[in-house]
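Undergrad: Take this sequence and fold it.
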Amino acid sequence: MSVNKIKFTNKLFIIFFFCLSMASLPTHESNSGETTYQYLIILIYSIFALSMTIINSNNVIRERLSIRYIDFIPLIFICVWIYGVFIGLLRDIPNKYVFRNFAGMFVYSIYYIFVQQKLSFEIIKKACLFTSLLGIPVIFYYVYSNLSSGVLANFIIGERMIFCGLQLIIFIPFCIAFGQFFFPINTQDTKFFKNNFIILLVGTITFFTSVIMSFSKGMILSSISVVFIIVMTKVLKNFNVKNILYVGIFLLIISGMLYYLDLFKLLGELFSGQEVSNATRNEQSTYIISDLTFWGRGLGAGLSDSNYIRADDAPYAFELTYLNLIHKFGVFSLPLFFSYIYTFLLIIRVLGKSQRKNFVGLLCLGLMVYVFPSIGNPFLFSPLCVTLHCLTLIILKKELYEKKLAVNALK
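TA: Residues are numbered from 1 along each chain as shown. The predicted structure is shown next:
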């Protein structure tokens with residue numbers, strides 16, 4: 001590709017990622033954002049990207065493809081989705097239910113478009129940080145407009161004001177800001193982490209915007225999971241008395257703050273079985289577990305032995321996404337779980353090798369944080385979340401399997 005075409009490709013991706021993230025904002029019709037717009041944005045980007053590939057077809061043919069095991073992960077999701085469609089149609093489930101259920105799994109095909117576009121870590125990093133920092137005033141404006149219109153009664157800490165996919169992107173700088181205290185990064189990699197004051201400021205604002213303002217159990221779980229992964233990776237990779245002492249002091253400080261602010265009680269109430277949404281999920285889990293089969297019920301399937309329906313227009317949908325995967329795909333859900341675990345193991349493998357790779361690992365960890373709130377929220381296969389997984393795989397492939405090309409890719 002010529003320099004101009006590379007610049008166009010990079011700008012196109014940044015615009016695509018920004019628009020896709022903004023499309024996750026809640027609408028009056030849907031609290032989780034309008035996924036129809038997300039699919040449309042992905043379709044438009046794919047058409048532009050494929051058109052450029054066809055125009056440069058002569059160069060593409062000459063290039064030698066570097067295929068690694070990681071390249072098969074998106075294909076696994078697509079194949080499992082096809083299996084679910086086949087079982088669903090075989091069981092005479094209405095077509096609209098079959099193709100709407102986990103439809104985002106087919107979006108994993110965009111991974112191969114990203115590969116063809118030769119996206120670099122630098123461009124993905126810019127797109128993520130640009131979107132996350134611009135997303136902060138967008139979230140505040142959204143809350144302000146809802147307060148002005150009376151949709152929200154008051155601005156109260158400890159109550160949900162907004163929860164959407166954009167906050168998953170805003171959470172990424174927090175992962176980097178917190179993680180760099182355990183895995184130092186090269187400050188030349190970005191202007192947003194030049195000194196400790198800026199790191200603390202960025203981390204605080206992004207945490208407040210993504211976690212406190214959403215006050216979602218999923219985002220709180222994400223925070224705890226990120227802290228746990230970073231701390232345990234540091235301890236296991238650098239096992240010595242000094243690191244254990246630092247981690248112990250850190251945990252004591254955090255515990256002291258939680259106790260002093262009486263947050264232990266608040267968190268206990270939030271995750272208790274008596275909480276309304278938790279009670280609903282507990283009820284769902286009982287029904288889903290009793291309806292599991294070895295081969296799965298197929299996409300679009302509801303509960304066969306119960307009249308329980310979460311939504312009249314989507315009898316196949318449940319908040320408990322991972323149990324829902326087992327319900328729909330049966331034994332073929334296992335490759336999906338292994339794919340997520342494999343991705344996290346690769347991220348852990350990257351951390352601690354160098355300051356630059358620390359930045360790469362922390363960014364990838366931020367991109368994959370959506371898997372934690374997906375435990376109790378049905379957006380695991382939303383177009384935005386699938387795109388985040390694909391970008392993580394692109395970065396990891398370049399860092400782990402294309403070391404010789406990495407330097408040229410970042411220029």
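
Undergrad: Can you pull the phi/psi pair for residue 183?
TA: For residue 183, the backbone dihedrals (degrees, to the nearest 10) come out as phi -130, psi 90.

Undergrad: what's the answer for residue 300, then?
TA: Residue 300 adopts backbone torsions of phi 90, psi -10, taken as degrees, to the nearest 10.

Undergrad: got it, and residue 320?
TA: Per-residue torsions, residue 320: phi -80, psi 80 (degrees, to the nearest 10).

Undergrad: From residue 206, how far off is it?
TA: 28 Å (Cβ to Cβ, to the nearest Å). Quick note: C-beta positions are derived from backbone N, CA and C, even for glycine.

Undergrad: Show me which of the two is the more surrounded one.
TA: The neighbour comparison of residue 320 against residue 206 (other Cβ atoms under 10 Å) goes to residue 206, with 26 against 23.

Undergrad: And that one, how close does it get to residue 66?
TA: From residue 206 across to residue 66, the span is 35 Å (Cβ to Cβ).

Undergrad: residues touching residue 126, list them.
TA: By Cβ atoms under 8 Å, 6 or more residues apart in numbering, residue 126 lies in contact with residue 14.

Undergrad: distance of it from residue 11?
TA: Computed as Cβ to Cβ, the residue 126 to residue 11 distance reads 10 Å.

Undergrad: phi, psi of residue 294?
TA: Backbone torsions for residue 294, taken as degrees, to the nearest 10, come to phi -60, psi -50.

Undergrad: Hmm, it is touching residue 332, no?
TA: No. In this structure, residue 294 sits apart from residue 332 without contact. The criterion is Cβ atoms under 8 Å, and the distance is 9.9 Å.

Undergrad: Just want to know which of these two has more residues nearby.
TA: For the pair residue 294 and residue 332, the greater number of neighbours falls to residue 332 (20 against 7), based on other Cβ under 10 Å.

Undergrad: List the contacts of residue 127.
TA: Applying Cβ under 8 Å, 6+ apart to residue 127 gives the contacts 13-14, 17-18.

Undergrad: cool, residue 297 as well?
TA: Contact criterion Cβ under 8 Å, 6+ apart gives 87, 91, 291, 304, 327-328, 330 as the residues in contact with residue 297.

Undergrad: Now neighbour count and pLDDT too, for those residues, in CSV please.
TA: Rendered in CSV, the data for these read as follows (neighbours: other Cβ atoms under 10 Å; pLDDT from 0 to 100):
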residue, neighbour count, pLDDT
87, 22, 96
91, 14, 93
291, 17, 90
304, 10, 78
327, 24, 94
328, 25, 96
330, 19, 95
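
Undergrad: Out of the residues you listed, flag the one nearest to residue 253.
TA: For the contacts of residue 297, the residue nearest residue 253 by Cβ to Cβ is residue 327; the value is 42.0 Å.

Undergrad: Can you name the helix or strand that the closest one falls in?
TA: With elements taken from DSSP states H and E, the one containing residue 327 is helix 321-329.

Undergrad: Just give me how far that helix sits from the chain centre.
TA: The gap between the average C-alpha position of helix 321-329 and the chain average comes to 18 Å, counting by Cα atoms, centre = their mean, to the nearest Å.

Undergrad: now stretch 170-188
TA: Per Cα atoms, centre = their mean, the displacement of stretch 170-188 from the mean C-alpha position of its chain is 17 Å.
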